[in-house]
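Engineer: Need a 3D model of the following:
(chains A, B, C and D)
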Protein chains: 2
Amino acid sequence: MSNLPTITEIAKKLNISPSTVSRALHDHQSIGLRTKMRVRQLASELNYEPNQNAIFFQQRKTFTIGVILPELSEAFFSAAFSAIEDTSYKCKYSVLVGQSHDSEEREKKIIENMKLNRVDGLIVSIAKHTTSYEHFERLKKYDIPVVFFDRIPNIPNIHYVACNMETGTMKAMKFLLKSGHRVIGMINGPEKLYASQQRVEGYIKALRSHPLKYDPNLIVSSDLTREGTERAMEQLLSLKRKPTALVVFNDYVALDAIQYARSKKLKINEDITFVSYSNLPMSNYTAFPPVASVEQFPYQQGQKATEILVELLSNRTGNAETPTYNNFTVESQLAIHDCR
Amino acid sequence: MSNLPTITEIAKKLNISPSTVSRALHDHQSIGLRTKMRVRQLASELNYEPNQNAIFFQQRKTFTIGVILPELSEAFFSAAFSAIEDTSYKCKYSVLVGQSHDSEEREKKIIENMKLNRVDGLIVSIAKHTTSYEHFERLKKYDIPVVFFDRIPNIPNIHYVACNMETGTMKAMKFLLKSGHRVIGMINGPEKLYASQQRVEGYIKALRSHPLKYDPNLIVSSDLTREGTERAMEQLLSLKRKPTALVVFNDYVALDAIQYARSKKLKINEDITFVSYSNLPMSNYTAFPPVASVEQFPYQQGQKATEILVELLSNRTGNAETPTYNNFTVESQLAIHDCR
DNA sequence: GGCGGACAGGCAAACGATTGCGTTTAATTT
DNA sequence: AAATTAAACGCAATCGTTTGCCTGTCCGCC
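Structural biologist: As a prediction, this is how the structure comes out:
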């Protein structure tokens, strides 16, 4: 039943040594053609399959990459994860996954777990409540490379893939400015996030290049919960110079913000216009979608991150070379929705 | 650097044998207290961590469960997967995942891969285009138990977790009947799916118990694509006895159907009413959500499936006991949306 | 005094595959 | 004919941990 054939069995049946079998199956040069044939013949007859566990153990490698994400059920991350799975499947890597549920503690535990499981490398999008990065730093000692994507920590010497949120924000701003808006607010995400900082940069640069003066009151942060978003909206709507348009951290936040605005009897696209990020497919179905969305290409990000990691893993010579850090920025793009 | 401490090292430094160290770390009875202390002391000093690969290899177990899903980016599956991850995390299992993208061929390849990776067991929601189940049958020979959930094949002798779609459909139907609808149509999913068959059962039972006569023309299938749904709608709307309400396979299909209805100038909730399944959070944001949705509890399904699998895996005695097949049905529930 | 048994620990095989280094045989060169 | 060499394969160690079985030692008890 569960007694799978091994290399040693094959060897015995053919009266040769296990090493020969192994080499034959790997098409090693120093094995004669007829032996190779006999081995392969028998192997396929017996339905032989190499025991990956034995190989992993022997090679001190698992051909497994760990993925740590905040929430698998969020469309952006599941799209990215889908890409990661697809890409590593192509590269013969397996994928182990854990979700931090945006908790730093959980994130640490998962990392611990991944380390125990001896993953070869990690792809991470950090939890929004993560404040310190030492648990990632420690991985360097274990020779486990980490590639961050989208939610990347703002520290030097890391591998990462991210979308250029600065230019993305500039595109969004220019679109709004062109439409005639002059007082534009922003609901930003947690300030620790690099992506949040980039949004502010883009916001300011767009204003400057127009030129308009920058009013810090027009930028407020949300913790990305519904309540946080409502508080942010409250703040923005209570300003003397009330914004006629808002750039909002992502589509989820935007939908909450829009609902809040409607509850305050504001007319969407008349009294107030929304632009958002990450262009969820669900925007197609919603009643009042943002008029435009900065596409963040989750699939591409996931794919690129995986490719970088695999590259990193295959180029390992073991000796202490000077490490170079890969980063890849995918250019963002503004998707303008047709609001029929 | 990457030279992690091993049991043998610890043994050497303490001048005892590796077996003693192993047993000490496992709190084995036959090891003296002071030796245990010394071992643990040194182990934590050296930051010893057992090499899981070695253990997996030695125990012929991986403590890994494989998960095969159609699409990770679908809310239902990512919620279920989230539960699977959470639950197996608690049970000290790792999760390997693959998505079939609803292709039978891809499904087969993933299974092959999981087999190679020696997963201990599998949790599967089958691809909608899967027609034969031999690739699952084969796994029995390898002693890899499979627990199906939600999308389960309609064959005997399997472990599965599913939502009771029959009673769920009856609840939906009764709700519509109570609201006064007399001609109720159904857009069903692929007929192969057990879940589709159950929906039809519930549909018919609800009619009979009312009693109303059953008109087969009122049930049409969609392949779950937008086009398929539109064809289904076309069929239903061209009937002489036009339905005033529709029970639709899931929320995605419902949203497509509703859009189609609107494009035909039908007024939602006046000319035609929709009831759907699986109560996606996004329904809260959409313009015209179905008035009610049969909640399928993806989280609970995922959790239960994982629990069953873990139970199955820990109860393995190895001898050929008569297998018993676990199945678990979570009762569905009708969520009525407030359409303000 | 001899015996049983509890206690503490060691030996060595086993899990399955890979790989550096040797060994044999036969062919080729000088 | 002797020497060199290439081809084809075997030996044995190795990866790190677990575990069945054995060996002492010490104690208590009849």
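Engineer: Could you report the distance from the residue nearest to residue A:255 when sequence neighbours are not counted to residue A:70?
Structural biologist: The shortest distance from residue A:255 to any residue other than its chain neighbours is 4.9 Å, reached at residue B:285 (CB to CB, 6 or more residues apart in numbering or on different chains). Just so you know, the C-beta spots here come from the backbone N, C-alpha and C atoms, and that holds for glycine as well. As judged by CB to CB, to the nearest Å, residue B:285 and residue A:70 stand 20 Å apart.
Engineer: circling back to that earlier point, count of residues packed around the residue nearest to residue A:255?
Structural biologist: Per other CB atoms under 10 Å in any protein chain shown, the neighbour tally for residue B:285 reads 23.
Engineer: Would you mind confirming that it makes contact with residue A:286?
Structural biologist: Yes. Here residue B:285 reaches residue A:286: they are 4.7 Å apart, a contact under CB atoms under 8 Å.
Engineer: Do a quick rundown of the helices in the stretch 51-200 of chain A.
Structural biologist: Per DSSP state H, counting those that start in this stretch, the stretch 51-200 of chain A has helices spanning A:52-59, A:75-90, A:104-116, A:134-141, A:165-178, A:194-209. These are given in chain order.
Engineer: Nearest to DNA strand D among those helices would be which one?
Structural biologist: helix A:52-59 (3.7 Å; CB to the nearest atom of the strand).
Engineer: for residue A:131, what are its contacts?
Structural biologist: Contacts of residue A:131 were listed using CB atoms under 8 Å, 6 or more residues apart in numbering or on different chains, and they are A:104, A:192.
Engineer: one step back: put together JSON lines for the helices of the stretch 51-200 of chain A, with distance to chain B on each row.
Structural biologist: As requested, the helices of the stretch 51-200 of chain A are exported to JSON lines (distance: least, CB to the nearest CB, whole Å):
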{"stretch": "helix A:52-59", "distance to chain B": "4"}
{"stretch": "helix A:75-90", "distance to chain B": "4"}
{"stretch": "helix A:104-116", "distance to chain B": "6"}
{"stretch": "helix A:134-141", "distance to chain B": "7"}
{"stretch": "helix A:165-178", "distance to chain B": "21"}
{"stretch": "helix A:194-209", "distance to chain B": "21"}
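Engineer: Pipe the ones you listed into JSON lines and attach distance to DNA strand D per row.
Structural biologist: As requested, the helices of the stretch 51-200 of chain A are arranged in JSON lines below (distance: least, CB to the nearest atom of the strand, whole Å):
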{"stretch": "helix A:52-59", "distance to DNA strand D": "4"}
{"stretch": "helix A:75-90", "distance to DNA strand D": "25"}
{"stretch": "helix A:104-116", "distance to DNA strand D": "11"}
{"stretch": "helix A:134-141", "distance to DNA strand D": "16"}
{"stretch": "helix A:165-178", "distance to DNA strand D": "43"}
{"stretch": "helix A:194-209", "distance to DNA strand D": "37"}
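Engineer: between the ones you listed, which gets nearest to residue B:277?
Structural biologist: Relative to residue B:277, the nearest member of those by CB to CB is helix A:75-90, separated by 19.5 Å.
Engineer: Name all residues that make contact with the closest residue to residue A:6 other than its chain neighbours.
Structural biologist: Excluding the flanking residues, the one nearest residue A:6 by CB to CB, 6+ apart is residue A:51, at 7.0 Å. With contact set as CB under 8 Å, 6+ apart, residue A:51 has these partners: A:4, A:6, B:57, B:118.
Engineer: And the residue of chain A closest to chain B?
Structural biologist: Here the residue of chain A nearest chain B is residue A:287; by CB to the nearest CB that distance is 3.3 Å.
Engineer: And that residue, how close does it get to residue A:234?
Structural biologist: As judged by CB to CB, residue A:287 and residue A:234 stand 22 Å apart.
Engineer: Ok, residue A:191 next?
Structural biologist: Counting by CB to CB, the separation of residue A:191 from residue A:234 is 19 Å.
Engineer: now residue A:125
Structural biologist: Taken as CB to CB, the spacing of residue A:125 relative to residue A:234 amounts to 29 Å.
Engineer: Who does the residue nearest the centre of chain A form a beta bridge with?
Structural biologist: For chain A, the residue sitting closest to the mean C-alpha position, by CA atoms, centre = their mean, is residue A:149 at 4.1 Å. Counting by DSSP bridges, residue A:149 forms beta bridges with residue A:161.
Engineer: can you give me the strands in chain A?
Structural biologist: According to DSSP state E, chain A carries its strands in the segments A:64-69, A:94-99, A:121-124, A:146-149, A:159-163, A:184-188, A:219-221, A:245-248, A:273-277, A:292-295, A:327-330, A:333-336.
Engineer: List every C-alpha atom in the fifth one, with coordinates, as CSV.
Structural biologist: When you say that, I think you mean strand A:159-163. What follows is strand A:159-163 as a C-alpha-only set of coordinates in CSV (Å, rounded to 0.1, in the frame of the first residue of the first chain):
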residue,chain,number,x,y,z
HIS,A,159,14.9,43.4,-1.5
TYR,A,160,11.6,44.7,-2.5
VAL,A,161,9.0,45.1,-5.2
ALA,A,162,6.6,47.9,-5.0
CYS,A,163,4.4,50.1,-7.1
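Engineer: That concludes my questions; thank you for your assistance.
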